[in-house]
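>>> Have a look at this prediction, sequence included:
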Amino acid sequence: MQEAGSRQRVSWSRRLIQLAMVLIVTTIVGVTAIVCVFLFGQDLRVDHTPRGTFIDVRALGEYQANVRRLRVTDVESGQVLWELQASREFFPLWLVKLQPGENPARPDDLNGADVLLPTGSTFRLEEGRRYRVDLWSYKEGMPRHVGEDFMLPKRLGA
(Lines give C-alpha, C1' and ligand atoms only; values in the text may rest on other atoms or scores of the structure.)
Protein backbone atom coordinates (compact mmCIF):
# COMPACT_ATOMS: atom_id res chain seq x y z
CA MET A 1 0.00 0.00 0.00
CA GLN A 2 2.83 2.34 0.88
CA GLU A 3 4.45 1.64 -2.51
CA ALA A 4 1.27 2.69 -4.37
CA GLY A 5 1.11 5.99 -2.45
CA SER A 6 4.75 6.66 -3.25
CA ARG A 7 4.09 6.03 -6.95
CA GLN A 8 1.11 8.43 -6.88
CA ARG A 9 3.27 11.17 -5.32
CA VAL A 10 5.94 10.64 -7.99
CA SER A 11 3.26 10.68 -10.70
CA TRP A 12 1.79 13.96 -9.35
CA SER A 13 5.26 15.45 -9.01
CA ARG A 14 6.03 14.59 -12.63
CA ARG A 15 2.74 16.06 -13.78
CA LEU A 16 3.39 19.29 -11.88
CA ILE A 17 6.89 19.54 -13.35
CA GLN A 18 5.53 18.88 -16.85
CA LEU A 19 2.81 21.50 -16.38
CA ALA A 20 5.35 24.02 -15.11
CA MET A 21 7.60 23.32 -18.12
CA VAL A 22 4.68 23.76 -20.54
CA LEU A 23 3.75 27.07 -18.89
CA ILE A 24 7.36 28.31 -19.01
CA VAL A 25 7.82 27.35 -22.67
CA THR A 26 4.44 28.88 -23.62
CA THR A 27 5.35 32.12 -21.84
CA ILE A 28 8.75 32.30 -23.54
CA VAL A 29 7.23 31.67 -26.98
CA GLY A 30 4.48 34.26 -26.38
CA VAL A 31 6.88 36.96 -25.16
CA THR A 32 9.23 36.24 -28.08
CA ALA A 33 6.35 36.59 -30.56
CA ILE A 34 5.26 39.91 -29.03
CA VAL A 35 8.82 41.26 -29.11
CA CYS A 36 9.29 40.17 -32.74
CA VAL A 37 6.03 41.84 -33.82
CA PHE A 38 6.98 45.03 -32.00
CA LEU A 39 10.57 45.18 -33.27
CA PHE A 40 10.16 43.79 -36.77
CA GLY A 41 6.50 44.47 -37.59
CA GLN A 42 5.70 46.70 -40.49
CA ASP A 43 5.33 50.40 -39.59
CA LEU A 44 3.74 51.41 -42.85
CA ARG A 45 0.26 50.91 -44.22
CA VAL A 46 -1.78 52.70 -46.82
CA ASP A 47 -5.40 52.62 -45.69
CA HIS A 48 -8.40 53.42 -47.85
CA THR A 49 -11.34 54.50 -45.68
CA PRO A 50 -14.60 56.35 -46.35
CA ARG A 51 -12.78 59.49 -45.09
CA GLY A 52 -9.97 59.12 -47.64
CA THR A 53 -6.63 57.46 -48.25
CA PHE A 54 -4.05 57.63 -45.48
CA ILE A 55 -0.38 56.80 -45.15
CA ASP A 56 -0.36 55.29 -41.67
CA VAL A 57 3.04 55.07 -39.97
CA ARG A 58 1.81 54.67 -36.39
CA ALA A 59 3.53 52.06 -34.27
CA LEU A 60 1.07 49.66 -32.68
CA GLY A 61 -1.75 51.69 -34.20
CA GLU A 62 -1.33 54.77 -32.01
CA TYR A 63 2.27 55.84 -31.38
CA GLN A 64 4.20 58.23 -33.60
CA ALA A 65 6.92 57.00 -35.90
CA ASN A 66 10.33 58.63 -35.71
CA VAL A 67 10.74 59.34 -39.41
CA ARG A 68 14.03 60.11 -41.13
CA ARG A 69 12.56 60.35 -44.64
CA LEU A 70 9.25 59.80 -46.44
CA ARG A 71 8.92 59.56 -50.23
CA VAL A 72 6.02 59.06 -52.66
CA THR A 73 6.99 57.91 -56.16
CA ASP A 74 4.98 57.36 -59.34
CA VAL A 75 5.69 53.67 -60.01
CA GLU A 76 5.20 53.85 -63.79
CA SER A 77 7.46 56.85 -64.45
CA GLY A 78 9.79 56.48 -61.45
CA GLN A 79 9.33 60.19 -60.71
CA VAL A 80 9.54 61.23 -57.06
CA LEU A 81 6.45 63.36 -56.42
CA TRP A 82 6.87 64.11 -52.73
CA GLU A 83 9.80 63.74 -50.38
CA LEU A 84 10.28 64.81 -46.79
CA GLN A 85 13.50 64.62 -44.80
CA ALA A 86 14.04 65.21 -41.10
CA SER A 87 15.46 68.64 -40.27
CA ARG A 88 17.43 66.98 -37.48
CA GLU A 89 17.68 63.29 -36.65
CA PHE A 90 13.96 62.48 -37.14
CA PHE A 91 10.50 64.04 -37.15
CA PRO A 92 7.30 62.70 -35.55
CA LEU A 93 4.58 61.42 -37.86
CA TRP A 94 1.32 59.51 -37.43
CA LEU A 95 -0.95 59.79 -40.47
CA VAL A 96 -0.81 61.61 -43.80
CA LYS A 97 -3.99 62.07 -45.82
CA LEU A 98 -3.74 61.74 -49.60
CA GLN A 99 -6.37 62.62 -52.16
CA PRO A 100 -6.77 62.69 -55.91
CA GLY A 101 -5.65 66.04 -57.26
CA GLU A 102 -3.52 68.54 -55.37
CA ASN A 103 -2.01 67.59 -52.02
CA PRO A 104 -0.09 69.98 -49.76
CA ALA A 105 3.67 69.50 -49.81
CA ARG A 106 3.71 70.56 -46.14
CA PRO A 107 0.64 69.28 -44.25
CA ASP A 108 -0.52 71.54 -41.41
CA ASP A 109 0.50 69.21 -38.58
CA LEU A 110 3.97 68.46 -39.97
CA ASN A 111 6.85 69.69 -37.82
CA GLY A 112 10.57 68.99 -37.97
CA ALA A 113 10.71 68.02 -41.65
CA ASP A 114 12.09 69.71 -44.73
CA VAL A 115 10.24 69.32 -48.03
CA LEU A 116 12.78 68.17 -50.62
CA LEU A 117 10.18 67.73 -53.37
CA PRO A 118 8.14 69.24 -54.85
CA THR A 119 9.66 72.67 -55.17
CA GLY A 120 6.15 74.17 -55.16
CA SER A 121 3.52 74.04 -52.42
CA THR A 122 1.58 71.01 -53.75
CA PHE A 123 2.00 67.71 -55.56
CA ARG A 124 -0.60 65.97 -57.70
CA LEU A 125 -1.93 62.42 -57.44
CA GLU A 126 -4.34 60.74 -59.86
CA GLU A 127 -7.03 58.13 -59.29
CA GLY A 128 -6.23 54.66 -60.57
CA ARG A 129 -2.49 55.34 -60.86
CA ARG A 130 0.06 53.19 -58.99
CA TYR A 131 2.32 54.90 -56.43
CA ARG A 132 4.92 53.75 -53.94
CA VAL A 133 5.49 55.18 -50.49
CA ASP A 134 8.86 54.57 -48.82
CA LEU A 135 9.50 55.21 -45.14
CA TRP A 136 12.88 55.48 -43.48
CA SER A 137 12.53 55.55 -39.72
CA TYR A 138 14.06 54.60 -36.40
CA LYS A 139 12.44 51.85 -34.41
CA GLU A 140 13.89 51.09 -31.00
CA GLY A 141 16.98 53.03 -32.05
CA MET A 142 17.54 50.93 -35.18
CA PRO A 143 17.28 52.51 -38.65
CA ARG A 144 14.63 50.86 -40.83
CA HIS A 145 13.27 51.15 -44.36
CA VAL A 146 9.90 49.83 -45.52
CA GLY A 147 7.85 50.51 -48.64
CA GLU A 148 4.40 49.80 -49.99
CA ASP A 149 2.73 50.24 -53.35
CA PHE A 150 -0.76 51.70 -53.47
CA MET A 151 -3.34 53.09 -55.83
CA LEU A 152 -5.82 55.87 -55.12
CA PRO A 153 -9.23 54.31 -55.64
CA LYS A 154 -11.59 55.82 -58.17
CA ARG A 155 -14.33 57.84 -56.57
CA LEU A 156 -17.83 56.51 -56.94
CA GLY A 157 -19.72 58.41 -59.60
CA ALA A 158 -16.53 59.74 -61.18
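In hand now; what should we look at? Note that the structure is a prediction, hence the values are computed from the model and not measured.

>>> isn't V80 right up against R69?
No: counting by CB atoms under 8 Å, R69 is not a contact partner of V80; they are 11.1 Å apart. To be clear about C-beta, it is placed using only N, CA and C from the backbone, and glycine gets the same treatment.

>>> for the spatially most central residue of the chain, what are its contacts?
The residue lying closest to the centre of the chain (CA atoms, centre = their mean) is D43, at 1.4 Å. D43 makes contact with V57, R58, A59, A65, L135, S137, K139, R144, V146, according to CB atoms under 8 Å, 6 or more residues apart in numbering.

>>> Looking at those, which two lie furthest apart in space?
Taking CB to CB as the measure, these reach their widest spread between R58 and R144, a distance of 14.4 Å.

>>> if we can go back for a sec, so among the contacts of D43, where is pLDDT lowest?
Ranked by pLDDT, the contacts of D43 bottom out at A59 (75).

>>> That residue contacts S137, correct?
No: the pair A59 / S137 is not scored as a contact, 9.0 Å apart, by CB under 8 Å.
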